[in-house]
Structure formats: C-alpha cells, structure tokens
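**Student:** Attaching a predicted model along with its sequence, questions to come.
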Amino acid sequence: MNGRYGYRHHDPCARCMRILTAISEYTVAHRYPPSYRDIMRIAAISSQSVVRYHLEALQNRDLVTLMPNRPRSIVITYTGIEAVKA
C-alpha cells in the first residue's frame, strides 16, 4: 500500500515497533494475544485509539493481521516476527 504521498513506508515508526514487540512478548508469555488495554499499559500509550492507529499502520505494512469484531485477534505475520528479531 502506498503512503500518503505516493511512496511506500518501509520502516515502521519507533512506537509501532514498541507495540509489535509488546504483542510478541505478551503472546509468548500468555499464549494468547494482548487486548488493546494490555498494549496501552505495556507500551505506555495514552489511549486505545492511538493503539488502533498504530495497529492499522502495522497491518498496512503486513506485520500483523487483525480480525475485525473479535477480541484478542492480533496475529503477528512472518514478516512481523522477522522485524521483531532484527
């Protein structure tokens, strides 16, 4: 997906990477994905709408998949796993 000005964003922002790492660590520790409130707490983010914005940005970069209208449905893709490892 192209960015706002017609170029593709390759590198996720620092906050996106913090969220991706938080999702990965939480999922490993608990064996299920975190809720938006869990992500807010772990990544020190002020609101659920900010979490949603960054999750959509991660989804646009194919780092996570989100299933609408389902709780705890954040899945890190293979590309996302590789990004966390790097």
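**Tutor:** Cool, the structure landed. Predicted model only: the values in this text are computed from it and were never measured.

**Student:** Quick check: the gap between Arg52 and Gln59.
**Tutor:** According to Cβ to Cβ, to the nearest Å, Arg52 and Gln59 sit 10 Å apart. Just so you know, the C-beta spots here come from the backbone N, C-alpha and C atoms, and that holds for glycine as well.

**Student:** more crowded one of these two?
**Tutor:** Neighbour count, other Cβ atoms under 10 Å: between Arg52 and Gln59, Gln59 has more, with 16 against 13.

**Student:** Excluding residues flanking it in the chain, which one is nearest the more buried one?
**Tutor:** In space, and not counting its chain neighbours, Gln59 is closest to Leu66: 5.4 Å by Cβ to Cβ, 6 or more residues apart in numbering.

**Student:** Which strand residues bridge the one you found?
**Tutor:** Assessed by DSSP bridges, Leu66 has beta-bridge partners Ile74.

**Student:** coming back round to it: shared neighbours of Arg52 and Gln59, anything?
**Tutor:** Between them, Arg52 and Gln59 share no contacting residue under Cβ atoms under 8 Å, 6 or more residues apart in numbering.

**Student:** Can you pull out the low-pLDDT segments for this protein?
**Tutor:** Within the chain, the stretches with pLDDT under 70 are 1-11.

**Student:** now the biggest helix by length in the chain, how far from the chain's geometric center?
**Tutor:** Criterion DSSP state H: the longest helix present in the chain is helix 14-30. Here helix 14-30 is found 7 Å from its chain centre; the criterion is Cα atoms, centre = their mean, to the nearest Å.

**Student:** quick one: buried residues of that helix?
**Tutor:** Going by neighbour count (16 or more other Cβ atoms under 10 Å), the buried part of helix 14-30 is Arg15, Cys16, Met17, Arg18, Ile19, Leu20, Ala22, Ile23, Ser24, Tyr26, Thr27.

**Student:** Take those residues and lay them out in TSV including distance to Ile45.
**Tutor:** As requested, these are arranged in TSV below (distance: Cβ to Cβ, whole Å):
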residue	distance to Ile45
Arg15	7
Cys16	11
Met17	13
Arg18	8
Ile19	8
Leu20	13
Ala22	9
Ile23	12
Ser24	16
Tyr26	14
Thr27	18
